[in-house]
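A.B. asks: only geometry, no sequence info:
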Ligand SMILES: CC(C)(COP(=O)(O)OP(=O)(O)OC[C@H]1O[C@@H](n2cnc3c(N)ncnc32)[C@H](O)[C@@H]1OP(=O)(O)O)[C@@H](O)C(=O)NCCC(=O)NCCS
């Protein structure tokens, strides 16, 4: 089942990044990377065609309090986001009944791709969610065309879990892979449901 999660003022730190809640002053930085074509599209949402759109989504981030802003220590600039989202199909994925988890989603400004920044941010979040909050599992997905995101998840220890058809907020449907990471501090053996989409192997 989905764990409750709010950032609630939490600040995490990695070598090059600060992870903190979004605030209204982040609008310029957010719009700067969210308006670039080919960034959001990799994650299933259309790039922002107006600052108003970014303002609306930023307000949602602030209200929902589950998406970290990724701040580059060097410059203080917000260069991406990392959300601790609810995983979907909760009623169908019965293997997670009685266990607590969430789904991770992320986006990085195109100007900063290829420097290992997202694996660094994801690792910091995993350390917190497994080491401090004591979650049992995390999921994270990518569309088949997104080998960049697949690599981030591989580098962070996620394992292929299910092959699924996923809907985007652009009204399209894409095939992709949902990955799974089980808290290594725990001795969990899930009894998996729905073998027709399952690809997990230890
Ligand atoms: C996916 C994403 C977060 C990766 O972040 P990152 O910090 O660049 O990750 P890494 O530096 O570890 O690079 C990951 C892979 O991207 C590829 N890559 C590196 N630089 C790249 C570039 N400039 N352009 C395209 N791909 C690049 C490489 O294959 C790399 O894997 P490797 O380390 O095995 O060579 C980033 O590409 C992004 O924001 N993409 C758009 C949004 C998105 O896809 N979100 C995830 C949705 S599931």
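C.D. replies: It's in. Because the structure is a prediction, the values reported are computed rather than measured.
A.B. asks: Show me what from the chain comes close to the ligand.
C.D. replies: 39, 42-43, 106-108, 113-119, 142, 146-149, 151-152 (C-beta under 6 Å from any ligand atom). C-beta coordinates here come from the backbone N, C-alpha and C atoms, glycine included.
A.B. asks: Mind doing that once more with 5 Å?
C.D. replies: Those residues of the chain that sit near the ligand, judged by C-beta under 5 Å from any ligand atom, are 39, 42-43, 107-108, 113-114, 116-119, 142, 148-149, 151-152.
A.B. asks: Neighbours of the residue of the chain found nearest the ligand, how many?
C.D. replies: For the chain and the ligand, the shortest gap (C-beta to the nearest ligand atom) falls at residue 114, measuring 2.4 Å. Residue 114 has 9 neighbours, counted by other C-beta atoms under 10 Å.
A.B. asks: so the closest residue to residue 85 other than its chain neighbours, which of the three states?
C.D. replies: Using C-beta to C-beta, 6 or more residues apart in numbering and skipping residues adjacent in sequence, the residue nearest residue 85 is residue 103, 4.6 Å away. When classified by DSSP: H, G, I helix; E, B strand; the rest coil, residue 103 comes out as strand.
A.B. asks: For residue 103, give its distance to residue 35.
C.D. replies: 25 Å (C-beta to C-beta, to the nearest Å).
A.B. asks: Quick one: residues contacting the residue nearest to residue 85.
C.D. replies: The contact partners of residue 103, by C-beta atoms under 8 Å, 6 or more residues apart in numbering, come to 84-88, 138-141.
A.B. asks: do the same with residue 137
C.D. replies: Residue 137 makes contact with 96, 99-101, 180-183, 188, 190 under the criterion C-beta under 8 Å, 6+ apart.
A.B. asks: at 10 Å what do you get?
C.D. replies: Residue 137 makes contact with 3, 87, 95-96, 99-103, 129-130, 161, 180-183, 186, 188, 190, according to C-beta atoms under 10 Å, 6 or more residues apart in numbering.
A.B. asks: now residue 138
C.D. replies: Per C-beta under 10 Å, 6+ apart, neighbours of residue 138: 3, 84, 87, 101-104, 122, 125-126, 129-130, 153, 156-158, 179-183.
A.B. asks: mind checking the SS state of the residue lying closest to it once chain neighbours are set aside?
C.D. replies: Leaving aside its chain neighbours, residue 138 sits nearest to residue 181 (4.7 Å; criterion: C-beta to C-beta, 6+ apart). Secondary structure assignment for residue 181 (three-state DSSP): strand.
A.B. asks: surely residue 181 meets residue 158?
C.D. replies: Yes - Residue 181 is in contact with residue 158 according to C-beta atoms under 10 Å; the separation is 4.7 Å.
A.B. asks: Identify the contacts common to the two.
C.D. replies: Common neighbours of residue 181 and residue 158 are listed as 104, 122, 126, 138-140 (criterion: C-beta under 10 Å, 6+ apart).
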